[in-house]
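**Student:** no FASTA, just this:
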RNA sequence: GCGCCCGUAGCUCAGUGGAAGAGCAGCGGACUUCUAAUCCGCGGGUCGCAGGUUCGAAUCCUGCCGGGCGCGCCA
């Protein structure tokens, strides 16, 4: 947590105790506004009993500005009870910060490249690619909000066996013949076949349009064809040897579990790892401070070899970061559907969007930890779309917009005489945003944002139900709460690429 | 066989050393109101199992069980 109002409390406790302090929100109201473990953390180092030390802290805590009283609890927690002045200050600071509230947490701004989606142009985007994009784009947005400069890139595998197989499959269809062995057979193959032109070019255009519809815009598109020409220059920088009639990269000496072949024995053409190396070198040469690769769990074996490439090329492997997300499994009609483009038995992003909408799709795909497999029951996702948490959060935003539309000339303010329980909870929730945004960014975990947004909406709906805003003695303060809450909700939604409607 | 990931309420999942949570599903309540797509209440747990570290473990370490993904000339 890192709002200024919170930081000042933490700093004061650190000075008082002479050691590290953390503030937590207790689950029970009788445990105060905030609880600190400072006595537990420091007592051991000082060689005193935790509870005794906690007593000392609790006794002098009221000397800290805005601390009304303090109690010792459990093994040595200190529960802090804050005065109304703290809430006024905290809310005032949020209003003052406006749209910037919670941002700019980066200590040093970096140039970061996020390579994501990069699906082969051999078929429409699947829900797996959608998770890649929703996750990668949310991470990119978090990085930008923290103050980093981000470039989004899509790597197009426009050459190689798969795209040739795709071309042959389409051409076979045009001639009315059976597709080749292991060829592509989906319905979309027929559609591509029915219009003239190169199937790969056309597929790529469809992917670009689909991504735009999904609100993901790329700054650059790199073709494997272009990288291929840089392989010859990159390979000499590697640690290689000849064996079995081919050239190998000694990646096992750099953390990989086995070496990787660079050249195909049969015809001397470059293999995929050679392109990986050249592409990584190409990225580093563009001067990025950090390279993020967003890959599905079925590519987790790439982590070690990509880092090995960075090391062999003379770069710090820590600057090359691979973000792995678990796969998206689909269930429809009680049957699992495997994501395989070649068999054509797969749910495409377009189908998911048609059924549950862009907002729900983006929300749902980032709202779980990236290490967690997502199981989507396609039928159920549609039926329950109105109960999707995204609507709950959007509704809170729209409700506030409604209040603000009806508001007269009263100026929103942080000053309130004696905030009620619901108002206190809401303010404490809002001041969490900076910490949530920073942690979500540093851990590359945007799902923390959606989890937090639900809590904010929860606290607001509760406040709304218990207290009228307009035409009350507390109108200025409550309007301030509304403005701040709307801003925080809008920020959270934007960070995951979901719209914040003013009306629903 | 080896590597990565997962195992928390009936279901879907948050919670990476500090007092076990949310949503959905179930049951019962609340609309002369700034939006009832909301709110209030109730029930529900050997945090996969067993050890270890620690004042303190769902969280860290070891082993095991169960599930997912992957394991050089495809990308």
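**Tutor:** Okay, I see it. Predicted model only: the values in this text are computed from it and were never measured.

**Student:** quick check: closest non-adjacent residue to the one residue in chain A that gets nearest to RNA strand B.
**Tutor:** RNA strand B sits closest to residue A:402 of chain A, with a gap of 2.6 Å, by Cβ to the nearest atom of the strand. Where C-beta positions appear, they are placed from N, C-alpha and C, glycine not excepted. Of all residues not flanking residue A:402 in the chain, residue A:503 sits nearest, at 7.4 Å (Cβ to Cβ, 6 or more residues apart in numbering).

**Student:** the residue of chain A closest to RNA strand B: how many residues sit nearby?
**Tutor:** Residue neighbour count, defined by other Cβ atoms under 10 Å, stands at 14 for residue A:402.

**Student:** what about it, which helix or strand?
**Tutor:** Using DSSP states H and E, residue A:402 falls within helix A:389-406.

**Student:** residue ranges with poor pLDDT in chain A?
**Tutor:** A:1-2, A:331-345, A:384 (pLDDT under 70).

**Student:** show me the domain layout of it.
**Tutor:** For chain A, automatic domain parsing gives the domain ranges A:4-82, A:111-236+A:269-380, A:387-495.

**Student:** and of those domains, who's closest to residue A:88?
**Tutor:** domain A:387-495 (5.0 Å; Cβ to Cβ).

**Student:** which positions in the stretch 251-400 of chain A make contact with RNA strand B?
**Tutor:** Counting by Cβ under 7 Å from any atom of the strand, the residues of the stretch 251-400 of chain A close to RNA strand B are A:257-261, A:263-266, A:271-272, A:297-302, A:324, A:326-327, A:368-369, A:371-375, A:384, A:386-387, A:389, A:391-392, A:395, A:398-399.

**Student:** which of those count as buried?
**Tutor:** A:259-261, A:263, A:271, A:302, A:324, A:326-327, A:368-369, A:374, A:389, A:391, A:398-399 (16 or more other Cβ atoms under 10 Å).

**Student:** of all the domains of chain A, which one is nearest residue A:99?
**Tutor:** domain A:387-495 (6.4 Å).

**Student:** make JSON lines out of the domains of chain A and add distance to residue A:247.
**Tutor:** Shown next, in JSON lines, are the domains of chain A (distance: least, Cβ to Cβ, whole Å):
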{"stretch": "domain A:4-82", "distance to residue A:247": "53"}
{"stretch": "domain A:111-236+A:269-380", "distance to residue A:247": "8"}
{"stretch": "domain A:387-495", "distance to residue A:247": "35"}
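
**Student:** my guess is residue A:364 meets residue A:381, correct?
**Tutor:** Yes: counting by Cβ atoms under 8 Å, residue A:381 is a contact partner of residue A:364 at 7.2 Å.

**Student:** tell me the secondary structure at residue A:150.
**Tutor:** strand (DSSP: H, G, I helix; E, B strand; the rest coil).

**Student:** quick revisit: neighbour count winner among residue A:364 and residue A:381?
**Tutor:** Legend: neighbour count by other Cβ under 10 Å for residue A:364 and residue A:381, higher for residue A:364 (24 against 19).

**Student:** what comes up buried for stretch A:196-210?
**Tutor:** A:199, A:200, A:202, A:203, A:204, A:206, A:207, A:210.

**Student:** report the central residue of chain A.
**Tutor:** Residue closest to the average C-alpha location in chain A (Cα atoms, centre = their mean): residue A:446, at 2.8 Å.

**Student:** who are the contact partners of the residue nearest to that residue when sequence neighbours are not counted?
**Tutor:** Distance criterion Cβ to Cβ, 6+ apart; nearest residue to residue A:446, sequence neighbours excluded, is residue A:138 at 3.6 Å. Counting by Cβ atoms under 8 Å, 6 or more residues apart in numbering, residue A:138 makes contact with A:366, A:446, A:449, A:495, A:496, A:497.

**Student:** may I ask which helix or strand encompasses residue A:138?
**Tutor:** Residue A:138 is part of helix A:127-146, with elements assigned from DSSP H and E.

**Student:** tell me if the helix or strand following the helix holding residue A:402 is near RNA strand B.
**Tutor:** Sequence order places helix A:421-430 as the next helix or strand after helix A:389-406, per DSSP H and E. No: for helix A:421-430, no contact with RNA strand B is found by Cβ under 7 Å from any atom of the strand; the gap never falls below 8.2 Å.
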